[in-house]
Structures are given as structure tokens and as C-alpha cells.
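*Asks:* Predicted model, plus sequence, below.
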Amino acid sequence: MDDADSDAQAMLKVAAGDRQAFAWLFDRYHASVARFAFRFVGDRERAEELTQDIFVKLYRNARAYQPTARFKTFLFRVATNHCLNELRRGEYRMTPTSSSAPDAAETGGVEVEGAQGDRPDAALEGRELEQAVSAALADMSARERAAFTMCRFEGMAYRDIAEALEASESAVKSLIHRATLAVARRIEALQAGTMLARSRA
């Protein structure tokens, strides 16, 4: 049984009232959902509150889950709707992160089409790259941010992202393309700044 089957079986048990199965899913996906929420509100404490809310909604809506859908897709549909609703309240607006941001390793692995070379220069690894990606995320629309995060950070397929966002695959591809270009522009600007600083040194 692969991971997707295990998730589906666990969610069916949750629908039947199995709290141990719910605890297993919570432990398995808590970090991913917390990172996802953080990219919407830019505040770790509030992101954790949103994560708790998302899992409460997941538990309450367990009977709506159909095993024909991937569990992760179902989870991120709940997470996306909750985070978008949070933004509509107007209390939070994503801002470029600082020391409270996710670890640099969480952003350093993003593959960005359009950046110069095969990957960002070594000087851009760590905090500088993290801040460039964060700044790009802050400038994106909420749906671009959601699609990009699910694709680049969670490794979800276009069809699963489309289902989570309740959009067409072509719309999702467009969202991810625009978001990817935005990140690439930020990284290229950072690269240019780094090269200029080196030339003046």
C-alpha cells in the first residue's frame, strides 16, 4: 500500500470516528499545512492557529471525503479555502519575511524557470534566496501564491492543484507560470545586485 492509499484509508477511518487515524494524519501533514498557512499570513503564531482551524474543519468534513480523490488534494482544498477566507477578512497581508520566516532550506529547493544558470548562484543560498522568494510571494495574488506553493513546495500535480483550487488545469498552469516568472525576476535582480557589489569590492 503506497502513501496515497494509506492516507485515503486513514481518512475513511476518520469519517467513521477513528481519532487515532486523525492523529496520524495530523502528525503526517501538520508541518506542510503550517508552512502553507504561513505563506499567506507571514506570522508563525497565526499560521499555527490557522493550521489548527484547518484540521478541525478537516475532521468535521471527513464524511465529505471520497476515496476517489487524493487525500492531500482534499486537505489542501480545505486549507486553501480557509486561508483565502482569512485574507478576505483583511486582517493580514503577506509581507516579505524576516527572522520569523521558514528555514532557508524550505525555500532553497525551489526550482525557478527563467533564473540565470541551472540554479541560483551559491551566494544566493540561504537567507538572501529565502527573502527573494518571500518578496515575490508577497507580491502575488492569493491564488497565484496558493498554486505556486502547492506546486513548488508540496510537489502537487497540476490536476490536484486544479481540484484544490476548484479551477481548470489551464488556469492553474497560468497561475503557476505567472508566479514562477515573478520569483525568477526577484532572483535575477538579487543576482545582479550581488554581481554589482562584487565588482565594486
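*Replies:* Cool, the structure landed.
*Asks:* got the contact list for residue 165?
*Replies:* Residue 165 sits next to 77, 80, 143, 146-147, 171-172, 175 when contact means CB atoms under 8 Å, 6 or more residues apart in numbering. No exception for glycine: its C-beta is placed from N, CA and C like everyone else's.
*Asks:* With residue 10 instead?
*Replies:* Residue 10 makes contact with 21-22, 24-25, 71, according to CB under 8 Å, 6+ apart.
*Asks:* Can you point out the buried residues in the longest helix belonging to the chain?
*Replies:* Using DSSP state H, we find that the single longest helix of the chain is helix 169-200. For helix 169-200, a neighbour-count test (16 or more other CB atoms under 10 Å) marks 171-172, 175-176, 179-180, 182-188, 190-191 as buried.
*Asks:* Mind giving me the packing neighbours of the helix or strand hosting residue 130?
*Replies:* For residue 130, the element it lies in under DSSP states H and E is helix 127-139. Contact analysis of helix 127-139 by 3 or more CB pairs under 8 Å, 6 or more residues apart in numbering; DSSP states H and E lists helix 104-108, helix 169-200 as its packing neighbours.
*Asks:* tell me, which of the ones you listed is the model least confident about?
*Replies:* For the helices and strands packed on helix 127-139, mean pLDDT drops lowest on helix 104-108, to a mean of 40.
*Asks:* How much space separates the residue lying closest to residue 50 once chain neighbours are set aside from residue 29?
*Replies:* In this structure, residue 50 finds its nearest non-sequential neighbour in residue 37, 4.1 Å apart by CB to CB, 6 or more residues apart in numbering. According to CB to CB, to the nearest Å, residue 37 and residue 29 sit 12 Å apart.
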